[in-house]
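1. structure for the following, please:
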Amino acid sequence: SIIIDPHSPQSARILYAAVFGHGVYKSMDNGVTWSAKNNGLGSDVNKRAVRVYLHPDGTLFALITALRENRKFNSEGVGLFRSEDQGEHWALVNQSQPMLWPKDFAVDPRDKQTIFISNCDTNGEESGGIYRTKDGGLTWKRVTHEGPEYFGAYLNPFRPGWVYATLTEGAPKAGLWLSKDNGDTWKPMSGLPFSNAQRLAFDPTDRDHIYVTTFGGSVWKGPAEE
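-> Below you'll find the model as predicted:
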C-alpha cells in the first residue's frame, strides 16, 4: 500500500508505504529515500502492515494484521493505528475491541470518527465480521457477520451512508453485501457470481457501477445496487 500526500509540493512529494513485516515507511523526496516511521506501531515481533491511509484532514491510519504461530493467532501488535503527526507517533485505535485477523479498514472521509474494520473468525471463535465505531475507537459494534472471513468494508464516495462489505473463503451466501444506512442493515448482492470477493473500486465518471476484485475469479464490473 502506497499513498501520496496531495498537499506536498510536486518537487518533493511525501509518500507513505505499508511494508509487510516492516511497518510504515515515509519519503519526503519523491521516493528517492525512505525512513521507517514505527514509533508505537505494531510490536517488535509484528509489523505486518497491510495498508496505510491518509485522511483528508491529514490524519494517518495504518493496519497491522495477524501474527500466526503454531497454527494459533497471536494478538501481539495487531490492530488499527492512528498518527496525528505525520507518522512520528502511533496509537492503537481499537484498544477497546481487540482483533486477531483484520484484513482491511475504511475511514469516513467526511468524519474520521467513523471507522469500519473487517475481521475474521480465529482460534475457534466467531469473532469475524465488520466492526464500526462512531467515536474514533472508544466503542465498537459488530454490524454484520455473515461468514467466517471478511476482507473489507468500502464506502461509496458518491452516496453517503452506502457501505459495501466483502467476504472471502467460506462465504456461505453472497460474497458482496450492501448497506444503505451506514452499516445498520445489510442486503446481499447476489448478482456477483463469485463468493470470494475482496476490494471495491469506484469510477468517478460512472457512478452507477462498481468494480470488485476477487481471489481467483478476476475483476468484475456490476451495478452499484441491485
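
2. check contacts around the closest residue to residue 119 other than its chain neighbours.
-> Once flanking residues are discounted, residue 119 sits nearest to residue 99: 4.6 Å by C-beta to C-beta, 6 or more residues apart in numbering. From N, CA and C alone the C-beta is placed, and that goes for glycine too. Contacts for residue 99 were tallied using C-beta atoms under 8 Å, 6 or more residues apart in numbering; they are 78, 79, 117, 119, 127, 131.

3. export these as CSV, with columns for pLDDT and secondary structure.
-> Shown next, in CSV, are the contacts of residue 99 (pLDDT from 0 to 100; DSSP: H, G, I helix; E, B strand; the rest coil):
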residue, pLDDT, secondary structure
78, 97, coil
79, 98, strand
117, 98, strand
119, 96, strand
127, 93, coil
131, 98, strand
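
4. any idea which of the residues you listed is closest to residue 91?
-> Looking at these and their distance to residue 91, the nearest is residue 79, at 10.0 Å (C-beta to C-beta).

5. could I get the contacting residues of the closest one?
-> Listed by C-beta under 8 Å, 6+ apart, the contact set of residue 79 reads 63, 64, 92, 93, 94, 95, 98, 99, 102.

6. about what we covered before: and the pLDDT at the residue nearest to residue 119?
-> For residue 99, the model assigns a pLDDT of 95.

7. wait, is it part of a strand?
-> No: with DSSP: H, G, I helix; E, B strand; the rest coil as the criterion, residue 99 is located in coil rather than a strand.

8. let's have the chain start at 636 instead
-> Shifting the count to begin at 636 puts that one at residue 734.

9. check the gap between it and residue 772 for me.
-> Separation of residue 734 from residue 772 (C-beta to C-beta, to the nearest Å) stands at 12 Å.
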